[in-house]
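Enquirer: curious how this folds, go ahead:
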Amino acid sequence: MAVAQDLLDILRCPYCVSGPTRKPGQDPGRLALVRGTWLICEEPDCGRKYPIKEDIPVMLIEEGDKWIDTAIEELPEPGKLVEPGMFSQPELPPVFSSAQEGGSRGLLLGIAVGMFVAFLVIGGLIWLRRGRRHA
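Expert: The predicted structure is shown next:
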């Protein structure tokens, strides 16, 4: 599935259409589709190139800035939208790691269960003591 032509018709270079960097003219920041995977700003003094990753145009000025000095012929395949490992789970301290065999994870569970039981016992004793006063 490619990027819809309707979307390509309205997309513009965000650098060339925003705020103080807005280019003059009726329709600045027009983009040309190259190799079906890159959108290149047609403004003569811009040169920003925006990749299309997994059929999604990445229209961030910072992304376009990365490729200003890269010739069109040298543009790589854009790759995945989210690279493997970008959002991997943080490594947990050994206390919380399920990879440990029994160890401190069992200790933490034991402490939690012990506290719960103590809470129930103390609560029960208080309840019994109040009941005897009112009898």
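Enquirer: could you list the buried residues of the helix or strand of the chain with the lowest mean pLDDT?
Expert: Here the helix or strand of the chain ranked lowest by mean pLDDT, DSSP states H and E is helix 103-133, holding a mean of 81. Neighbour-count burial for helix 103-133 flags Arg105 (criterion: 16 or more other CB atoms under 10 Å). From N, CA and C alone the C-beta is placed, and that goes for glycine too.
Enquirer: begin at 26 from here
Expert: Okay, residue one is now 26; in that scheme the one you just asked about reads as helix 128-158.
Enquirer: figure out how far that helix is from the centre of its chain.
Expert: When C-alpha coordinates are averaged (CA atoms, centre = their mean, to the nearest Å), helix 128-158 and its chain have centres 42 Å apart.
Enquirer: all helices of this structure, in order?
Expert: With DSSP state H, the ranges of helices along the chain come out as 30-35, 39-42, 86-91, 128-158.
Enquirer: residues near Pro39, how many?
Expert: Pro39 has 19 neighbours, counted by other CB atoms under 10 Å.
Enquirer: look up how far Val83 lies from it.
Expert: Pro39 sits 11 Å away from Val83 when distances are taken as CB to CB, to the nearest Å.
Enquirer: ok, Val42 next?
Expert: 16 Å.
Enquirer: likewise for Gly104?
Expert: Relative to Val83, and taking CB to CB, Gly104 is found at 10 Å.
Enquirer: of the two, which one has the most company?
Expert: Comparing Gly104 with Val83 by other CB under 10 Å, the one with more neighbours is Val83, at 15 against 11.
Enquirer: please list all residues in contact with the nearest residue to the more buried one once chain neighbours are set aside.
Expert: Spatial nearest neighbour of Val83, excluding adjacent residues (CB to CB, 6 or more residues apart in numbering): Pro76 at 5.3 Å. Each residue near Pro76 by CB atoms under 8 Å, 6 or more residues apart in numbering is listed here: Thr62, Trp63, Leu64, Pro82, Val83, Glu88, Trp92, Pro103, Gly104.
Enquirer: between the helices of the chain, which one is nearest to Glu98?
Expert: helix 86-91 (16.8 Å; CB to CB).
Enquirer: how distant is the closest one from the center of its chain?
Expert: Helix 86-91 sits 17 Å away from the centroid of its parent chain (CA atoms, centre = their mean).
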